[in-house]
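> 3D, please:
(chains A and B)
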Amino acid sequence: MPASPRDRLAALAVVGFLAAAGRAHGADPGDISDVALEDLLDQHLTAASLREEHAIDAAATAFVLDGEDLRQQGFSTVAEALGTVPGLFSYRDGLYPYVGVRGIGLLGDFTTRLLVLVDGHPVNDSLAIGASHVGRDLPVVLDAVKRIEVVKGPLGGVYGPMAFLGVVNIVTRDPAPRSAEVRVSGDAAQGRVRSGGGSAVVTGIAGDVEVLLAADAVSSRGLDWTFPELAASPDRFVPGGRVNGLDRWDAFNAHARVEANGVRLAAACNRAASGVPSAAYSSLLLDSRNGFANRACFVDVATARPLAPGLTLVGKAAYDWFDFRDDYAYADPPGDVGLVHDLGTDRWLSGEVRVDWEPRSGSGVMTGVRVETHKTVQRTWSDAVPTLLQDPAGGVGVGDIRHDFAGGTAFLAAHLSLPRNVVLHGHATLTVHEMYGARLAPKGAVVWRPDEATALKLVYAEGFRPPLASEAFYEDGLSYVANPDLRPELARSLEASAERRLGRFAIVTASVFTSDYRDLVRMQTVPAPGLAGPPDPTVASDWRQKPVNLAHETVRGGELALQLRWRDAFRAWGGLSAQQVRGAALDDFPELTANLALSGRVVPRLLLAARAAFTSARAKPLEGLDPGVRTSVPASALLDAAVTLELSRELSLQLGVQNLLDAVAPSPVPADFKPITEQPAAARTVRASLRWSARPR
Amino acid sequence: MTLRAVIALAALSLTPLARAGDLPPRAEALLTLRLLAYDRALDRRDYVDVVVAVLHEEGESLDRDPMARAVSDAARDFRVAGRSVRVTGCPWRGSDVLAGCLSSTRAAALLVPERFGSAVADIRRATRAAGVLSVTEDRDMVEAGLAVGLVLRASRAEVIVNVAAAREEGADLDASLFVVAEVVGR
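Residues are numbered from 1 along each chain as shown, chains lettered A, B, ... in the order given. As a prediction, the model looks like this:
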């Protein structure tokens, strides 16, 4: 079958680049091994515009990590991997890992502003509680991941809600006939073995049926933590601030994908449970009952069919469910309320129909509709006292808080190729939300390729995020009050970037951006309702946490990113992001973040990898901060390293050290973790893993 | 709603899938050389040059074959595993003649144009007999038993490897190739 004009054009760009590279080499032929296979194939991604395109052509600043990057660095979670992406930074609150984008890393965010996709399927729920979607609670087996696509900046014009700060698309492997891979691993820290786990990935092809099956499990007895604030606390004193082993955790993942006759059926499920050493929300210190567990599962069916030359119909349908439960121990009645439980569930059904039309080279239109219906339930109750419905004075919880809602998004995306290698992009989504009305989110971009090695981009994008169920409706009569009057958050971003290939091995990207954020939802301490008199600042029960919309904030900054790949022997990527905020101060806002990841083959069977991440000082929430407690966490750096020894063609051993320098590297935590106001990084941990891969036969 | 979605998807599944496009000769030539660098068996073979054979119709001039020209151009720019690259032609006159051509020219790879799709079984017999890695631009031919396919899928070149066929052709492909390649065949 002859190639389409667009394919021809795209391939010619690849060939042109290679030809230029070849000419640059001069009369002395180079070795073809000096050219990375990926450069010949060229990176592509779908996250920026829902269609496959070269990263350099995407109407966004995009970054792709491939499966080999993940293996060589020995990442154990997607959050660890994302921490190496230029412009992104990791932070933690002791419950979940989080990922911030260009300085924006809201505390207690539960990754509700970064859209996370698994093979294009969105996994974010609409509760905004009890999930990170980038840690061990993500329903993905990391050993089955082929690549991770990251697009920075609001993408409401493409995805509608949730793609507020960016999009992470996790692409799993293509099945191979009768291949298998097994990995076992263990961690040791602070002089003890702390965790163990393993994974298995099996693929097969039988006729037209392709199958991928993957599972992993990991269990940890937790680390010993030191919280200096507990050692200094008059009312919550812990000797030395030492809390040992209370963050035990277990996680299990299973993922299956079957493709046949152009229809893809995928199903995945995750269950993760953890203890809480920091006794958040004023719960009892050193009580092993403090903990949480969640479950996230989905079933997704999708197909793409050509209707005519250049015309493709895409259909998707999915069912997701998410459950969250936590347990926090308080003193028994009559002094307090005993063991309190929180429950959150979200069940949602979604469907999408889309038509992609590419009538001529470099130009096309995509239009479609997505709909979803959610059923959410939240409940807080105590084993020891009745609910507020039964005991308005001393109860806990208000019974089931049920909210069912539907929403839909109609979207239109077009790209138009103009003379002189200029491509115009225009996207728009019209989202209709049963509770928050209709909203239009546009995106426009110009991408100019003055030569084959260069791309200049100007991108304007908007995003929005309706208040989620826990923000708008959750209340427990104990610590939180609802705010059904919350408005949707809005983001507008303008970015100019230049991407340049340097020779065969390097890609440099420089960008400047300005982003306006309006009505970001944050928790604020307010007097408890129904008080007979003025609230007493020293009495916790006189106060509540209430979600409110913050004022206008503008973030301006610049980013420099670098990728290097030399043969199969060396890889490096990293970047520097500097930004300033104007308007209301943002907690946990670093003005500077930087990261660098390296891996190289020092001898034929030995591969070394290292990575470093730097985050500048970040402010803590000032609300309720005790006198004498520092108001910000200092700048910090984390360094990890790994060495991989290929014992045979099938067997490899990897030894890694996380937090090699044993740095404290604290992150600010939400105000209701008081008296703890900062969470240290995990202590230096030695990680060993043994991987056996059966080659496809 | 779920039932309707299932019915719609079932109906959609009855229509045929799109096929991938063809790579331009230059890209296919460069990718072919790059893939040969993944063949560990190349080091074990007593080659002075790496010979890439191009299958063509009997009576056709190799000079006019775009694929042969592209490989010649690529050979001026690159070596494979430290060896120079040379291009030769093998006319299609049946399996035995092809095997003889491949053996006499000490070819490391055979580029098989899509138009030879009807003869894939005979070509496969020849490449296996001669121990030569077969490379084509047609996915169907890889699924039918040739070793490597280089195709365009959307805007990205994709490598498709029939591992069993590659092994039978004497190739020993490095496992790192399979991180990016799609594997087909049993």
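
> C-alpha from now on. contacts and neighbour counts both.
Noted.

> so what's the residue most central in space within chain B bridging to?
By C-alpha atoms, centre = their mean, the mean C-alpha position of chain B lies nearest to B:Val135, the distance being 1.0 Å. Beta bridges link B:Val135 to B:Leu111, B:Val148 when assigned by DSSP bridges.

> residue contacts, it?
B:Thr32, B:Ala109, B:Leu110, B:Leu111, B:Val112, B:Leu146, B:Ala147, B:Val148, B:Gly149, B:Leu150 (C-alpha atoms under 8 Å, 6 or more residues apart in numbering or on different chains).

> looks like A:Ala461 contacts A:Leu490 (just checking).
No. Taking contacts as C-alpha atoms under 8 Å, A:Ala461 lies outside contact range of A:Leu490: 10.9 Å.

> more crowded one of those two?
Using other C-alpha atoms under 10 Å in any protein chain shown, the more surrounded residue of A:Ala461 and A:Leu490 is A:Ala461, with 26 against 21.

> okay, the more buried one: pLDDT?
With respect to pLDDT, A:Ala461 has a value of 93.

> what number of residues are in the vicinity of the closest residue to it other than its chain neighbours?
Closest residue to A:Ala461 apart from its sequence neighbours, by C-alpha to C-alpha, 6 or more residues apart in numbering or on different chains: A:Lys443 at 4.3 Å. Neighbourhood size, A:Lys443 [other C-alpha under 10 Å]: 24.

> which ones are touching A:Lys443?
A:Lys443 neighbours (C-alpha under 8 Å, 6+ apart): A:Leu155, A:Gly156, A:Gly157, A:Val158, A:His425, A:Gly426, A:His427, A:Ala428, A:Val459, A:Tyr460, A:Ala461, A:Glu462.

> try it again at 7 Å.
When contacts are counted by C-alpha atoms under 7 Å, 6 or more residues apart in numbering or on different chains, A:Lys443 is found next to A:Gly157, A:Gly426, A:His427, A:Ala428, A:Tyr460, A:Ala461, A:Glu462.

> relative to A:His374, which of those is nearest.
Of all the contacts of A:Lys443, A:Gly157 has the smallest distance to A:His374: 22.0 Å, by C-alpha to C-alpha.

> which SS state does that closest one fall under?
The three-state label given to A:Gly157 by DSSP: H, G, I helix; E, B strand; the rest coil is helix.

> got a pLDDT number for residue 163?
If you meant another chain, say so; for now it's chain A. Looking at A:Ala163, the pLDDT reads 89.

> wait, chain B was what I had in mind.
At B:Val163, the pLDDT recorded in the model is 91.

> burial check on it, number of neighbours?
Each residue near B:Val163 was counted by other C-alpha under 10 Å, and the total is 28.

> same check on B:Gly59?
Neighbourhood size, B:Gly59 [other C-alpha under 10 Å]: 8.

> and what of A:Tyr436?
Neighbours of A:Tyr436 (other C-alpha under 10 Å): 16.

> swap in A:Pro334?
Neighbours of A:Pro334 using other C-alpha under 10 Å come to 10.

> and it, how far from chain B?
Distance of A:Pro334 to chain B, given as C-alpha to the nearest C-alpha, to the nearest Å: 50 Å.

> in three-state terms, label that residue for me.
A:Pro334 - assigned by three-state DSSP - is coil.

> same question, A:Asp672
helix.

> in chain A, which helix or strand is least confident?
Every helix and strand of chain A was ranked by mean pLDDT, DSSP states H and E. The lowest is helix A:5-25, at a mean of 38.

> strands along chain B, start to end?
B:21-22, B:50-57, B:78-79, B:85-92, B:107-112, B:133-136, B:148-153, B:156-162, B:182-184 (DSSP state E).

> weakest of these by average pLDDT?
strand B:21-22 (a mean of 46).

> would you map the strands across the stretch 301-450 of chain A?
Here the stretch 301-450 of chain A has its strands, by DSSP state E, counting those that start in this stretch, at A:311-329, A:339-360, A:363-382, A:401-418, A:422-433, A:437-451.

> of those strands, which is nearest A:Leu651?
strand A:311-329 (36.7 Å).

> what angle do strand A:363-382 and the closest one make with each other?
Calculated by axes from the mean of the first three to the mean of the last three C-alpha atoms, to 10 degrees, strand A:311-329 forms an angle of 20 degrees with strand A:363-382.

> what angle separates strand A:311-329 from strand A:339-360?
170 degrees.

> can you give the strand pairings for strand A:311-329, parallel or anti for each?
For strand A:311-329, the paired strands and their directions (DSSP bridges) are strand A:291-308 (antiparallel), strand A:339-360 (antiparallel).

> where does pLDDT dip in chain B?
Scanning chain B for pLDDT under 70 picks out B:1-24, B:46, B:152-156, B:185-186.

> could you rerun that using 90?
The model of chain B has pLDDT under 90 over residues B:1-31, B:40-49, B:57-78, B:81-82, B:113-115, B:117-118, B:137-140, B:150-159, B:174-186.

> for it, what spans make up the helices?
For chain B, helices defined by DSSP state H occupy the ranges B:2-12, B:25-36, B:41-44, B:66-77, B:95-104, B:120-130, B:139-143, B:163-168.

> elements contacting the helix or strand following the least confident helix or strand of chain A?
Counting by DSSP states H and E, the element after helix A:5-25 in chain order, helix or strand, is strand A:30-31. With contacts taken as 3 or more C-alpha pairs under 7 Å, 6 or more residues apart in numbering or on different chains; DSSP states H and E, strand A:30-31 sits against strand B:78-79.

> just how off-centre is the helix or strand harbouring A:Ser274 within its chain?
According to DSSP H and E, A:Ser274 maps onto strand A:263-275. From the chain centre to the centre of strand A:263-275 is a distance of 16 Å (C-alpha atoms, centre = their mean, to the nearest Å).

> what's the average pLDDT for that strand?
The average pLDDT for strand A:263-275 rounds to 96.

> residues in contact with it?
By C-alpha under 7 Å, 6+ apart, the surrounding residues in contact with strand A:263-275 are A:136-139, A:246-259, A:288, A:290-303, B:13.

> rerun that using 8 Å as the cut-off
Taking C-alpha under 8 Å, 6+ apart as the rule, strand A:263-275 contacts A:95, A:136-140, A:246-259, A:288-304, B:13.

> same question for stretch A:558-568.
A:33-36, A:86-87, A:505-513, A:570-579.

> that one: which residues count as buried?
The neighbour-count check on stretch A:558-568 (16 or more other C-alpha atoms under 10 Å in any protein chain shown) flags A:Gly558, A:Glu559, A:Leu560, A:Ala561, A:Leu562, A:Gln563, A:Leu564, A:Arg565, A:Trp566, A:Arg567 as buried.

> restricted to helices, list these.
Using DSSP H, none of the buried residues of stretch A:558-568 sit in helices.

> I'd like those residues as a markdown table, with pLDDT appended.
Shown next, in a markdown table, are the buried residues of stretch A:558-568 (pLDDT from 0 to 100):
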| residue | pLDDT |
| --- | --- |
| A:Gly558 | 97 |
| A:Glu559 | 97 |
| A:Leu560 | 97 |
| A:Ala561 | 96 |
| A:Leu562 | 94 |
| A:Gln563 | 90 |
| A:Leu564 | 88 |
| A:Arg565 | 75 |
| A:Trp566 | 69 |
| A:Arg567 | 54 |
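
> could you dump the residues you listed into a markdown table and include distance to B:Ser95?
Below are the buried residues of stretch A:558-568 laid out as a markdown table (distance: C-alpha to C-alpha, whole Å):
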| residue | distance to B:Ser95 |
| --- | --- |
| A:Gly558 | 62 |
| A:Glu559 | 58 |
| A:Leu560 | 56 |
| A:Ala561 | 53 |
| A:Leu562 | 50 |
| A:Gln563 | 47 |
| A:Leu564 | 45 |
| A:Arg565 | 42 |
| A:Trp566 | 40 |
| A:Arg567 | 37 |
